Structure formats: C-alpha cells, structure tokens
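A.B. asks: Turn this into a model:
(4 chains)
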Number of protein chains: 2
Amino acid sequence: MSNVKNMSYDPNAPVDPRVETLVNELIGRVADKWTLLVLEELEDHGTCRFTELGRRVPGISQKMLTQTLRAMERDGLLVRTVHPVVPPKVEYCLTDLGHSLGEAFCGVWVWAEANLEKVARARMAFDALA
Amino acid sequence: MSNVKNMSYDPNAPVDPRVETLVNELIGRVADKWTLLVLEELEDHGTCRFTELGRRVPGISQKMLTQTLRAMERDGLLVRTVHPVVPPKVEYCLTDLGHSLGEAFCGVWVWAEANLEKVARARMAFDALA
DNA sequence: AGTGCCTACTTTCTTTTGGAGAGTATAGGG
DNA sequence: CCCTATACTCTCCAAAAGAAAGTAGGCACT
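C.D. replies: Down below sits the predicted model:
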C-alpha cells in the first residue's frame, strides 16, 4: 500500500531515499524558468510553431528555446513534428505527460497571481531596512 | 468580477497583460531549483539552521544557500532569526506565504513521484534513436 | 598564552550557462 | 540573381554558479 507512491500525498510516509534523489533530480530539471514558461504557452495555446513560441515567451533567446524544447522532448513532455516543406515548419505539442505536468503547476500560477502583492510588499519592507 | 484574480482559475478569462508579466517574473524568481529544494526541506522539516539545510539539500554550495535564503527572505517566504550566541545560531522558518507556496508546489512533487518512470522511459527512448 | 573548534557567512577563482547576433540551407517569388 | 521566410546552429562575450579557502569571535583545552 505504501511501497508504491500513488496520488494522495502523505508527508509523514517514509520515503525511499533513492526515490527522493530521483525526484529531486527531476524537479531540478523541470523547475526551470523557461520550461515553465514554454509549458504555460503550450497549455494555453495548444500546438505551436517555433517562431510563434519565441514571440509568445517573453525574453527567451532562440538558443534557450531550442535547448528547452529539446530537453522537454527528451523527457516526453512534448512532441516535435517536422513537416518537410520549404520554408521549414516544425510544430510542438504537449503530450499527455506534458499536460499532466501543466496541471500540476496550475497551483503555482494561481499562487503567483494571488500573492503578487504580498511578495511586492515583502520586498519593499525588506529593502527599506537594508 | 473578472478584473481581479481570485482563487478559481479560469483559463479562458482575459488576463491583464501587466499582471501576466508580473506573474511571469514571479514564476521566474520562485521556480528555480534551489528555491524549490530549500522550500521542500523547510516544509518537511520545519525550522532549520544553516548548516543543517546545507546538509539536507543535496549538492547546494554555501554560496547558493546563502543567496537562495536571502532571496526567499526578501520575498517574504521565510524568516531568519539570529540568536546572538557563540557559536552563532541562525534559524530559518517558513512564513505563511512560504507555506502556501509549498502547498502550491505540492502537485509538482506528486507529479514527479508519480511520473518518474515515464520520464525515465521517455529519455531512454529518445536517447536510443539519437 | 596558544591552538583549534564551531558556525554562518565572504571572498576568490574557475567552470558552466545564458544571451546577442550573425550564419546556414532551401525553394519559391520578383 | 537576389530576397524572403523558417528553424535552427555557431561564435563570442557576459553573467551565474561551483569549489575551496578565508573570516570573526568567543569558548574549551593544554
């Protein structure tokens, strides 16, 4: 019952340290700014082309976009479809796994929207006495 | 009704682009590997001292730990308490805001645990044909 | 008195990562 | 014949991160 992780999260359950290590690695991989922002775009907007994503994700460079997309593809979060036409057309689309990650991050977007002002105030308070 | 963001997340609601920019900035700040890992430690383990956190967070350098803790303090996610004793003793403890962020990320931990294997398989498949 | 320890940082130096901008291949249009 | 459009790819430089040693200040031991 508790040797396999299932949907309910019990913080008191003992966790296999190897699993914890792997989870930490995966979190490290997936919890980066660009991955999150790309994920958001693909969630809201569905299938996208490279340049379109570049325009939609604020401030990403082409290099980082390519790199992020490759990493996400490798992790099975999205599929890359190349249409052999000229000029080239490449489409990126979330997999079910990618969608499920998007849903998992949903709480974070909600939190960010809800707590923007609290963070802004905390920063001002902190900076005031520095 | 819809000019202010509240708890329910409606992906079809029009979003003020300024809010969206701020949310993206905040996500960029908060969604970094070290912040997440420190947050996890403080969530599971409660109040911690500097060295203890350093030991518990796999692979963090002292520099990054100091930097991450300062940034989190500035954002109001944790409080730093200095006990004027020798040797020095400094304790870090999540605020309510920090806890709420931890809860928001809860879905991501669950996702990571649940999907470790899928990601591992996706990677092997990807690497196999590279 | 001197040596060393403890903690929470700093500092310095090197390596890694990220961004700006130009280059590449290809076919169709002018 | 050159231009455009697309999805990269490459090069170069700046910024960020890691490793390792240093700092402060009192306390305990010899």
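
A.B. asks: Let me see the contact set for the residue nearest in space to the middle of chain A.
C.D. replies: Of all residues in chain A, the one closest to the mean position by C-alpha atoms, centre = their mean is residue A:36, 2.9 Å from it. Residue A:36 makes contact with A:105, A:108, B:27, B:31, according to C-beta atoms under 8 Å, 6 or more residues apart in numbering or on different chains. No exception for glycine: its C-beta is placed from N, CA and C like everyone else's.

A.B. asks: starting at the chain centroid, how far to stretch A:114-123?
C.D. replies: 22 Å (C-alpha atoms, centre = their mean, to the nearest Å).

A.B. asks: can you tell me if it touches chain B.
C.D. replies: Yes. Contact of stretch A:114-123 with chain B (C-beta under 8 Å from any C-beta of the partner chain) involves A:114, A:115, A:116, A:118, A:119, A:121, A:122, A:123.

A.B. asks: Quick check: buried residues in that stretch?
C.D. replies: For stretch A:114-123, the neighbour count (16 or more other C-beta atoms under 10 Å in any protein chain shown) marks A:114, A:115, A:116, A:118, A:119, A:122 as buried.

A.B. asks: quick one on the thing from earlier: which one of the contacts of residue A:36 is nearest to DNA strand D?
C.D. replies: When the contacts of residue A:36 are compared for distance to DNA strand D (C-beta to the nearest atom of the strand), residue B:31 wins out at 11.8 Å.

A.B. asks: Using the three-state scheme, assign residue A:81.
C.D. replies: Residue A:81 falls in the strand class when you classify it by DSSP: H, G, I helix; E, B strand; the rest coil.

A.B. asks: What of the one 5 residues further on?
C.D. replies: On the three-state scheme (three-state DSSP), residue A:86 is labelled coil.

A.B. asks: how close does it get to residue A:62?
C.D. replies: According to C-beta to C-beta, to the nearest Å, residue A:86 and residue A:62 sit 20 Å apart.

A.B. asks: what secondary structure does residue A:15 sit in?
C.D. replies: Three-state call for residue A:15 (three-state DSSP): coil.

A.B. asks: measure it to DNA strand D for me?
C.D. replies: According to C-beta to the nearest atom of the strand, to the nearest Å, residue A:15 and DNA strand D sit 23 Å apart.
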